[in-house]
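Enquirer: I'll drop the sequence and a predicted model, then ask my questions.
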Amino acid sequence: MTTDVSGILPVPNGGTGINDITTNNLIYGNGTSPVNLLAPGVTTGMILTTTGSGAPGWLTLATLPSTSGILQIGNGGTGTNTVPVQGGVIYGSSATAYGTTAAGSAGQVLQSNGTGAPVWSTPTYPGLSGSAGQILRSNGTNNIYSTSTFADTYAASSILYSSGANNVTGLTTGNDGVLVTDAGGVPSISSTLPDAVQYNITKLGTITNGTWNGSILGLAYGGTNTDLSSGSAVGDLLTGTATGFTRLADVATGNVLISGGAGAPPTYGKVGLTTHVSGVLQALNGGTGYDNTYTNGQLLIGNSSGTLTRNPLTGTANQVIVTNGSGSITLPRHRIYTREQHLNL
């Protein structure tokens, strides 16, 4: 059974070891000995501090460990007695104190300065969010929301264009197409060119349904510089002119092409027809070089110039034609007699 304790209940038995406590005293331990009492602080606002293993005590703020009465960072203070600027921001300026920035302008943002004090950025930003689809952009001085709106997503390979006032839309592309605009300037992807564009290309040549249709191709570009679309017939030939080509039509079977010489076009004709020979037919063209008037007994003899000479047979009867060894033909003075003439001599 429990033994009754008479008198003051000691500390080991759960008591205080004392029988009298002064008003507003604080009790603090003293090992197994009776507790100690700490009288109230003598000044209002004092705080209770400890001394490690020693007895606690009352201290005023001015007697706390500090420099010039300033509560240090290690004690939960700022390490400075500078009053922050209204609108400024407190920042750590060192390991022992805090600093404060000046107040920024409306719309500015605080920008890191590395290990230095932060600064307010010069450009300003909108205070509220913009409308749906707007983007934040610089106007050269500050950052503002764009008037134009953009879609949240775009399909792959889309081309961005303004489909209306301040409205940017994605234009879906197509296979094997080109970007064109209609009469109203609205862009689209098409496999054919607008008529106005095709007309511009026909200035140099255009392709229509696989057939080349264009302006006349000049001589310098390998063309004829001539419109040959009308009057064409099978068998026609092209002959050159000073500026292009012209078509030479054959009108009769058996005709041959006869040169007109330099500066003149060729013609069709039949060999041997006097209608195609002007004047006397020369030896180099198969003629004699003379008109059709000859004296009786004349011979045509070739000469060294490649032409023919008319040589009359004159002299005694029964002479023979001989050469003189140089190619010239002469009539010698001796005669050739018949058998009967020799028998009569």
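Expert: Looks like it came in fine. This one's a predicted model, so the numbers in the text were calculated from it and none came from an experiment. Residues are numbered from 1 along each chain as shown.
Enquirer: drop to CA atoms for contacts and neighbour counts, all remaining ones
Expert: Fine.
Enquirer: Where does the prediction get shaky in the stretch 101-250 of the chain?
Expert: The stretch 101-250 of the chain contains residues with pLDDT under 70 at 200-214.
Enquirer: all strands for it, in order.
Expert: For the stretch 101-250 of the chain, strands defined by DSSP state E, counting those that start in this stretch occupy the ranges 110-111, 119-120, 136-138, 143-145, 149-150, 159-164, 167-171, 178-181, 187-190, 206-208, 211-213, 237-240, 245-248.
Enquirer: Packing partners of the second one?
Expert: For strand 119-120, the contact count by 3 or more CA pairs under 8 Å, 6 or more residues apart in numbering; DSSP states H and E identifies strand 110-111 as packing neighbours.
Enquirer: What lies in contact with the strand it packs on?
Expert: Contacts with strand 110-111, where a contact means CA atoms under 8 Å, 6 or more residues apart in numbering, come from Pro118, Val119, Trp120, Ser121.
Enquirer: show me where the stretch 51-200 of the chain has helices.
Expert: 195-202 (DSSP state H, counting those that start in this stretch).
Enquirer: Do you know the pLDDT at Thr43?
Expert: Note on Thr43: pLDDT of 80.
Enquirer: if you skip the residues just before and after it, what's nearest to it?
Expert: Thr60 (7.9 Å; CA to CA, 6 or more residues apart in numbering).
Enquirer: That neighbour: neighbour count?
Expert: Around Thr60 there are 15 other residues, counting by other CA atoms under 10 Å.
Enquirer: On the pLDDT front, check it for me.
Expert: 78.
Enquirer: likewise the one 4 residues further on?
Expert: In this model, Leu64 is scored at 52, pLDDT.
Enquirer: All further residue positions should be reported with the first residue as 19.
Expert: Fine by me, first position is 19 from now on; the one you just mentioned is Leu82.
Enquirer: I'd like the strands of the stretch 119-268 of the chain laid out as a markdown table, including distance to Pro58.
Expert: Formatted as a markdown table, the strands of the stretch 119-268 of the chain follow (distance: least, CA to CA, whole Å):
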| stretch | distance to Pro58 |
| --- | --- |
| strand 128-129 | 48 |
| strand 137-138 | 49 |
| strand 154-156 | 63 |
| strand 161-163 | 61 |
| strand 167-168 | 71 |
| strand 177-182 | 80 |
| strand 185-189 | 76 |
| strand 196-199 | 92 |
| strand 205-208 | 89 |
| strand 224-226 | 109 |
| strand 229-231 | 114 |
| strand 255-258 | 132 |
| strand 263-266 | 130 |
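Enquirer: Please produce TSV containing those, extended by mean neighbour count and distance to Asn43.
Expert: Converted to TSV, the strands of the stretch 119-268 of the chain look like this (neighbours: other CA atoms under 10 Å; distance: least, CA to CA, whole Å):
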stretch	mean neighbour count	distance to Asn43
strand 128-129	12	52
strand 137-138	18	53
strand 154-156	14	66
strand 161-163	18	65
strand 167-168	18	74
strand 177-182	14	82
strand 185-189	17	79
strand 196-199	14	94
strand 205-208	16	92
strand 224-226	13	112
strand 229-231	11	117
strand 255-258	14	135
strand 263-266	18	133
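Enquirer: can you tell me how far the residue nearest to Thr61 sits from Ser166?
Expert: To Ser166, Thr78 is 64 Å away according to CA to CA, to the nearest Å.
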